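Novice: next input, structure requested:
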Amino acid sequence: MSRQINRSELGQFLKARRSELSPSAVGLPETGTLRRVPGLRREEVAQLASISAQYYTRLEQGRLQASAPVLTILAGVLRLDDGQRDYLFELAGKESTRPRRQKDQKVRPSLQRLLESLTDIPAMVLGRRMDILAWNSLASVLITDFSRIPQEQRNYVRLIFSDSTVRSRYVDWESMARDCVAFLRMEAARNPDDPRLTALVGELSVKDPHFRQWWAGHHVAHRAFGTKAMRHPVAGDLILDWETLSAAGDPDQQLTVWTAEPGTPSCDGLRFLASWSATDRTALRQSGTA
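Specialist: Below is the predicted model:
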């Protein structure tokens, strides 16, 4: 089979795979407008892959030879399984270096017990891509009720950009959002072949112009502590120090806690929030709704 025939077949293969995906399946909003053909448009695939629409169009038309990094990104965007991914690389005449499959993360039992024992300190466990693996009651009250969010959507960066409740908690939202993008950039450097990370970046790039701009800036960050000004509808304004500790047995799991300097209004506010949360939970249990 000649190279030109391979390119043509590769284009047809890409077209067939995008026709099988709905916008909602890849995190894109449904516009309600009638589509002439099923599945994703070329422009949408290009946006998710962070490449130009012209580049992707030429690739699908068999007029362009794709690089291995672009093929890797497209395999993630189009949700290709291992066999389909190998076939895509074979058509392109590239060596397929299949990424190591990562197991779904689960919080360690000892870390879960530690979370539950921290009744006066908001705390959560973040995993790869800043996925939210676990949290305690006070973190849920301080930030948002994480239990209401579907597990596959439970990612802190996604919530910072798409959840109005989480967004409103940060007085300087832009600073927090920029930090999250920089942290995610560092994660991308560590795990460049992570398809879920690729999909998350593609989703947020399409949905939010700020994310798209800051991601293109290629800024990175790796900080384990800091201070954030927060605003809570019950506790009021809070200045909280945050600290991130890596789990000894799994460095991809990190415990993040928020504390306030003793004797400050923020410390009083955090104590009040803990008391208010405990009273609220007691009332729910007594009413039989929790």
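Novice: counting by contacts, list what the helix or strand hosting residue 88 packs against.
Specialist: Per DSSP states H and E: residue 88 is located in helix 82-91. Helix 82-91 makes packing contacts with helix 3-19, helix 68-77 when contacts are defined by 3 or more C-beta pairs under 8 Å, 6 or more residues apart in numbering; DSSP states H and E. Where C-beta positions appear, they are placed from N, C-alpha and C, glycine not excepted.
Novice: mean pLDDT lowest for which of those helices?
Specialist: Comparing mean pLDDT across the helices and strands packed on helix 82-91, the weakest is helix 3-19, with a mean of 80.
Novice: the inter-axis angle of that one versus helix 82-91?
Specialist: 150 degrees (axes from the mean of the first three to the mean of the last three C-alpha atoms, to 10 degrees).
Novice: quick one: helix 3-19 to helix 68-77, angle?
Specialist: Put simply, helix 3-19 runs at 30 degrees to helix 68-77, going by the same axes, to 10 degrees.
Novice: right, and the helix or strand after helix 3-19?
Specialist: Assigned by DSSP H and E, the successor of helix 3-19 is helix 42-49.
Novice: rounded mean pLDDT for that following helix, please.
Specialist: 88.
Novice: just the CA coordinates of that helix, formatted as CSV?
Specialist: Presented in CSV, the C-alpha positions along helix 42-49 are these (Å, rounded to 0.1, in the frame of the first residue of the first chain):
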residue,chain,number,x,y,z
ARG,A,42,-13.8,19.1,12.0
GLU,A,43,-13.5,22.4,13.7
GLU,A,44,-14.5,20.9,17.1
VAL,A,45,-11.9,18.1,16.8
ALA,A,46,-9.3,20.7,15.9
GLN,A,47,-10.2,22.8,19.0
LEU,A,48,-10.1,19.8,21.3
ALA,A,49,-6.7,18.8,19.9
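Novice: got the buried residues for it?
Specialist: Within helix 42-49, the residues that qualify as buried by neighbour count (16 or more other C-beta atoms under 10 Å) are 42, 44, 45, 46, 47, 48, 49.
Novice: the last one reaches residue 70, doesn't it?
Specialist: Yes - using C-beta atoms under 8 Å, residue 49 is in contact with residue 70, at 7.2 Å.
Novice: circling back: got the CA positions of the helix holding residue 88 in CSV?
Specialist: The C-alpha coordinates for helix 82-91 follow below in CSV (Å, rounded to 0.1, in the frame of the first residue of the first chain):
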residue,chain,number,x,y,z
ASP,A,82,-5.7,0.5,22.1
GLY,A,83,-6.5,-1.4,18.8
GLN,A,84,-7.8,1.7,17.1
ARG,A,85,-4.8,3.7,18.3
ASP,A,86,-2.4,1.2,16.9
TYR,A,87,-4.2,1.1,13.6
LEU,A,88,-4.1,5.0,13.4
PHE,A,89,-0.3,4.9,13.9
GLU,A,90,0.1,2.1,11.3
LEU,A,91,-1.8,4.1,8.7
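Novice: number of residues surrounding the residue lying closest to residue 63 once chain neighbours are set aside?
Specialist: Leaving aside its chain neighbours, residue 63 sits nearest to residue 7 (7.5 Å; criterion: C-beta to C-beta, 6 or more residues apart in numbering). Other residues near residue 7 come to 22 when the count uses other C-beta atoms under 10 Å.
Novice: against residue 61, how distant is residue 7?
Specialist: Using C-beta to C-beta, to the nearest Å, we find residue 7 at a distance of 9 Å from residue 61.
Novice: quick check: residue 210 touching residue 161?
Specialist: Yes - if you go by C-beta under 8 Å, residue 210 and residue 161 touch, sitting 7.4 Å apart.
Novice: give me the contacts around the one helix or strand residue 256 maps to.
Specialist: Element membership of residue 256, judged by DSSP H and E, is strand 254-259. Residues outside strand 254-259 that contact it (C-beta atoms under 8 Å, 6 or more residues apart in numbering) are 111, 114-115, 118, 121-127, 139, 142, 228, 240-247, 270.
Novice: quick one: strands adjacent to that strand?
Specialist: When pairing is defined by DSSP bridges, strand 254-259 lines up against strand 123-126 (antiparallel), strand 236-246 (antiparallel).
Novice: which of those sits most buried?
Specialist: strand 123-126 (a mean of 24; mean count of other C-beta atoms under 10 Å).
Novice: residues in contact with that strand?
Specialist: Strand 123-126 is contacted by residues 107, 111-112, 114-115, 132-136, 138-139, 143, 146, 156, 244, 247, 253-258 when judged by C-beta under 8 Å, 6+ apart.
Novice: thinking again about what came up before, make a markdown table out of the strands paired with strand 254-259 and add distance to residue 220 and mean pLDDT.
Specialist: Compiled in a markdown table, those are given as follows (distance: least, C-beta to C-beta, whole Å; pLDDT from 0 to 100):
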| stretch | distance to residue 220 | mean pLDDT |
| --- | --- | --- |
| strand 123-126 | 17 | 95 |
| strand 236-246 | 16 | 93 |
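Novice: perfect, I'm done here.
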